[in-house]
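J.: Output the structure for:
(one chain, ligands or ions: 1)
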Amino acid sequence: MISQPIKTLLAPDISDLLIPASRVANVMTTNDGYHAFLVLTKVGYSKIVVLDQHERIQGLLSLQMLTEKMLTTDRIAPENLLKFSVASVMETDFKVLTQPIDLDSVLHDLVDAAFLPVVSNDRHFEGIITRREILKRLNYLGHHFDNFYTASQCAPLKK
Ligand code: AMP
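T.: Residues are numbered from 1 along each chain as shown. Modelled structure (predicted):
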């Protein structure tokens, strides 16, 4: 459990950390690999979310998954990307967060993932929480903790 003073300063309202779905780049399950490659290259992120036609999250897609499909024994074959759909290559085993978002889970799961998708109960995609947003809050906490609490006067606990 994260202590309450830390929680209060790190994320008084955890929803403030959410980048809403409307501002998150995505591809659709039915897009072909070629289209997805263009989107990923253009947005500049190495991994993005994959949605179905009902805006439910179905997977994650990375540039690496696509470049893998382009590799032949002796050359890179971009035309291969036209031959498969995003659904057939995306990652489907990934962590999501549901409301109410639990800060402990966010911090724990962001160790292994650069971002965490947030979904409603029917997997409707609501947005993402990124490492960057957490690190911004951590930076704030580090600089302002003493304005709110007096930990600097406390001796460290003896083990
Ligand atoms: P950051 O912590 O800002 O570096 O973001 C971590 C990861 O979250 C990025 O590498 C992307 O995979 C994803 N991400 C962040 N912002 C967006 C966005 N606006 N649209 C899509 N993916 C994003």
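
J.: can you tell me which residues contact residue 33?
T.: 66, 69, 80, 81, 82, 83, 84, 85, 86, 89 (C-beta atoms under 8 Å, 6 or more residues apart in numbering). Placement of C-beta: from N, CA and C, glycine included.

J.: can you rerun that using 7 Å?
T.: By C-beta atoms under 7 Å, 6 or more residues apart in numbering, the contact set of residue 33 is 66, 69, 81, 82, 84, 86, 89.

J.: Show the buried residues in the residues you listed.
T.: 66, 69, 81, 86, 89 (16 or more other C-beta atoms under 10 Å).

J.: Could you dump these into JSON lines and include pLDDT and distance to residue 122?
T.: Putting the buried ones among the contacts of residue 33 into JSON lines (pLDDT from 0 to 100; distance: C-beta to C-beta, whole Å) gives the following:
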{"residue": "66", "pLDDT": "97", "distance to residue 122": "29"}
{"residue": "69", "pLDDT": "95", "distance to residue 122": "31"}
{"residue": "81", "pLDDT": "97", "distance to residue 122": "31"}
{"residue": "86", "pLDDT": "98", "distance to residue 122": "21"}
{"residue": "89", "pLDDT": "97", "distance to residue 122": "25"}
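
J.: Can you flag which of those residues belong to helices?
T.: 66, 69 (DSSP state H).

J.: Tabulate the buried ones among the contacts of residue 33 in a markdown table, adding columns for distance to residue 20.
T.: Listed next are these as a markdown table, based on distance: C-beta to C-beta, whole Å:
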| residue | distance to residue 20 |
| --- | --- |
| 66 | 26 |
| 69 | 31 |
| 81 | 30 |
| 86 | 22 |
| 89 | 27 |
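
J.: returning to what we had before: what is the nearest of the contacts of residue 33 to residue 142?
T.: If you rank the contacts of residue 33 by distance to residue 142 using C-beta to C-beta, residue 66 comes first, at 38.0 Å.

J.: Lovely, talk soon.
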